[in-house]
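**Q** Sharing a model that was predicted from the sequence below.
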Amino acid sequence: MNKYNILENLEYKDKVAITVMFESEFSKEIRIVFKQDQVMKEHKTSYPITVEIFEGEILFGVNGQTHTLKRGDIVSLEANVPHDLTANKNSIVRLSLSKKDSINRVKGVLKL
């Protein structure tokens, strides 16, 4: 069993904060904490992903279209779909990655 409280040790910093909550046999569960107006520039992954807005509101760009995602919304993307995120409000995002995907790839998006 893996357990993590998504609200523990929560800090809204000057930089988007990425935390690995845990890894299972098939996935990596990531918490991304955004302050209002913080951005993850356009990127894509070689594997499908699932994104849940746990708290706040995110502008989620996919293939040139922007979608407003709010608390409770969950979306999935197939592999190789360009996407970006901008926080409309302080936000907590849960990202589910394939076990084959890399946490460093996600952190690297912040360095674009």
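**A** Received the coordinates, thanks. Numbers count the residues shown, from 1 in each chain.

**Q** With the flanking residues excluded, which residue is spatially nearest to the residue most central in space within the chain?
**A** Geometric centre of the chain, nearest residue: residue 95, 4.4 Å, by Cα atoms, centre = their mean. Ranked by Cβ to Cβ, 6 or more residues apart in numbering and with sequence neighbours excluded, the top spatial neighbour of residue 95 is residue 30, at 4.2 Å. Glycine gets a C-beta too; all of them are placed from N, C-alpha and C.

**Q** if we can go back for a sec, just checking: what are the partner strands of the helix or strand harbouring the residue nearest to the centre of the chain?
**A** Element membership for residue 95, per DSSP states H and E: strand 91-98. Counting by DSSP bridges, the strands paired with strand 91-98 are strand 27-34 (antiparallel), strand 49-55 (antiparallel).

**Q** where does the protein have its least confident helix or strand?
**A** When the helices and strands of the chain are scored by mean pLDDT, DSSP states H and E, helix 103-109 comes last with a mean of 84.

**Q** Could you pull out the buried residues of it?
**A** 106, 109 (16 or more other Cβ atoms under 10 Å).

**Q** what packs against that helix?
**A** Using 3 or more Cβ pairs under 8 Å, 6 or more residues apart in numbering; DSSP states H and E, the elements in contact with helix 103-109 are strand 17-23, strand 27-34, strand 39-43, strand 91-98.

**Q** who touches the last one?
**A** Yep, that's strand 91-98 we're talking about. Here strand 91-98 makes contact (Cβ atoms under 8 Å, 6 or more residues apart in numbering) with 6-7, 10, 21, 26-34, 45, 47-58, 85, 103, 106.
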